[in-house]
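Enquirer: Need coordinates for the following:
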Amino acid sequence: MTEKENPDEIEQRVYNEQVSLLYTGSVYRPALHVLSAAVVLLIIHKHVNPFYAYTWVFMLLGLNVYRLFDIYKIKKTLHQPINFKIIHKRYALCAGLLGLIYGLGFIFFFNQLPDLNQLYLMTLIVMLIPAGLVSFVSDKYSFNFYFFSMAIPVISRIFAEGKVEYFYMGITGVAFLLIVRKLYVWNHNVLEDAIRIKFENEQLLTTLQGINSRLSDLAVIDELTQIANRKSLDESLEREWLRAKRLRTPISMMMIDIDCFKQYNDEFGHVKGDECLVYIADFLKHNLNRSGDFVARYGGEEFCIIMPDTNLDGSRRCAESIHTGVRELKISNPGSSVSKYVTISIGLASALPGMNDNYMDLIYTSDKALYKAKNDGRNIIRSMDALEKNPKPQLVV
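Expert: A predicted model of the protein is given here:
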């Protein structure tokens, strides 16, 4: 399961996403300001000294060409590790300079224009101010730098005219700016919340996937020994049985029981008994004959190993190795009637599955061989060839 992100990590991801949106959504916006510069030049060129007019236009063009290249360059690196604070500051500074160029240009040109051209210029400003609401909706700093750098000089210049009609125009402008500002805050908060919810949902989904994965593991893993449980054993055996039937290859099973385990629990307690089961399970898991072999806890102190592509002789060699290995672990068991150490009894069965055979036959036969090993004194191996040819019991359906 993945570790849950803390609130600071979520906020950092929200911040990075907001800065990314500035760049991914702004490729064509500098081009619109180039068009805006052309419109302003048409409004003022007959009434303003050409040097000042073109100086202003070149300042606006230069800034937006720089913005265009910066956006293009940063956009290609957004999916790489970058310092979002640095590119954020650069973007916000450019936004502030953009608003300031418009605002100062308005102050400088306004008095030199006839009334109709003043109206044209103010109409353009009225369009440019709320345009920032869309352009900078993901970042309040960029919007504020752009908005106030443009709005404050414009409103100040209107009120500075000292005429009644300009005073009312200024009041109307302030009301307009307040509305735009309010709309921006609402839109920005909605977008920020949406981004935060997106990352919180991703985190929740990852957590749920981790929980589901863990639950899936718990469904097939024995909680104590951390090897496969009986359910997983049945599924694996059925799958390997069908494979053996299809390929006409042998399959073997080893049923294992820890001898005198009750006496071990009586001597050392159930906590130590659980530790012994875990130790034996770990030994079995790391001492399988081949990578395709499969070990599971069958129940209580019993374990089971499935050995695909293995005949009875091969399973016997593997059983002898495991039987000797457990004894050499020298786990003390003073209450045992067969050894002073923990030992195991093993029952072996092998089959070449026919069309009408069932994998439960293998379980039944290996269990019967284990039963014989226990009856014959424990701490030994018995295989199916040592069994009497008794018929299987009939199951009541």
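
Enquirer: State which helix of the chain is the longest.
Expert: helix 164-220 (DSSP state H).

Enquirer: got the contact list for the helix or strand that comes right after that helix?
Expert: Per DSSP states H and E, the first helix or strand lying C-terminal to helix 164-220 is helix 230-247. With contacts defined as CB atoms under 8 Å, 6 or more residues apart in numbering, helix 230-247 is touched by 219-221, 228, 249-251, 253, 294, 296-299, 304, 306, 308-309, 351-355, 357, 359, 362-363. (Glycine included, C-beta is placed from N, CA and C.)

Enquirer: Give the buried residues for helix 230-247.
Expert: Residues of helix 230-247 classed as buried: 232-233, 236-237, 240-241, 244-245 (neighbour count, 16 or more other CB atoms under 10 Å).

Enquirer: Going through the contacts of helix 230-247, which ones are buried?
Expert: Neighbour-count burial (16+ other CB under 10 Å) applied to the contacts of helix 230-247 gives 221, 228, 250-251, 253, 294, 296-298, 304, 306, 308-309, 351, 353, 359, 362-363.

Enquirer: can you redo the buried residues of helix 230-247 as JSON lines with pLDDT?
Expert: Below are these laid out as JSON lines (pLDDT from 0 to 100):
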{"residue": "Ser232", "pLDDT": "90"}
{"residue": "Leu233", "pLDDT": "92"}
{"residue": "Ser236", "pLDDT": "92"}
{"residue": "Leu237", "pLDDT": "94"}
{"residue": "Glu240", "pLDDT": "94"}
{"residue": "Trp241", "pLDDT": "94"}
{"residue": "Ala244", "pLDDT": "94"}
{"residue": "Lys245", "pLDDT": "92"}
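
Enquirer: now those as TSV including distance to Ala373?
Expert: Below are the buried residues of helix 230-247 laid out as TSV (distance: CB to CB, whole Å):
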residue	distance to Ala373
Ser232	25
Leu233	20
Ser236	23
Leu237	20
Glu240	23
Trp241	23
Ala244	24
Lys245	28
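
Enquirer: separation between the spatially most central residue of the chain and Leu41?
Expert: Residue closest to the mean C-alpha point of the chain, counted by CA atoms, centre = their mean, is Thr206 at 4.8 Å. As for Thr206, its distance to Leu41 is 54 Å (criterion: CB to CB, to the nearest Å).

Enquirer: wait, doesn't Ala281 sit right on Ile305?
Expert: No. If you go by CB atoms under 8 Å, Ala281 and Ile305 don't touch, sitting 11.2 Å apart.

Enquirer: any residues in contact with both of the two?
Expert: Counting by CB under 8 Å, 6+ apart, the residues touching both Ala281 and Ile305 are Val295.

Enquirer: can you tell me which helix or strand Gly354 belongs to?
Expert: Going by DSSP H and E, Gly354 is not in any helix or strand.

Enquirer: end to end, how far does stretch 346-359 reach?
Expert: The first residue of stretch 346-359 is 19 Å away from its last residue (CA to CA, to the nearest Å).

Enquirer: er, stretch 372-387 I mean
Expert: End-to-end span of stretch 372-387 (CA to CA): 8 Å.

Enquirer: Same question for stretch 108-115.
Expert: Using CA to CA, one end of stretch 108-115 lies 15 Å from the other.

Enquirer: Can you name the residues in contact with that stretch?
Expert: Stretch 108-115 is contacted by residues 40, 43-44, 47-48, 52-53, 56, 118, 121, 157 when judged by CB under 8 Å, 6+ apart.

Enquirer: would TSV of those with secondary structure, neighbour count and distance to Ser20 be doable?
Expert: Converted to TSV, these look like this (DSSP: H, G, I helix; E, B strand; the rest coil; neighbours: other CB atoms under 10 Å; distance: CB to CB, whole Å):
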residue	secondary structure	neighbour count	distance to Ser20
Val40	helix	23	31
Ile43	helix	20	36
Ile44	helix	24	37
His47	coil	13	43
Val48	coil	20	40
Tyr52	helix	14	38
Ala53	helix	21	37
Trp56	helix	21	32
Gln118	helix	21	40
Leu121	helix	21	35
Arg157	helix	19	36
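
Enquirer: what about the helices in the stretch 251-397 of the chain?
Expert: 261-268, 270-285, 312-328, 360-375 (DSSP state H, counting those that start in this stretch).
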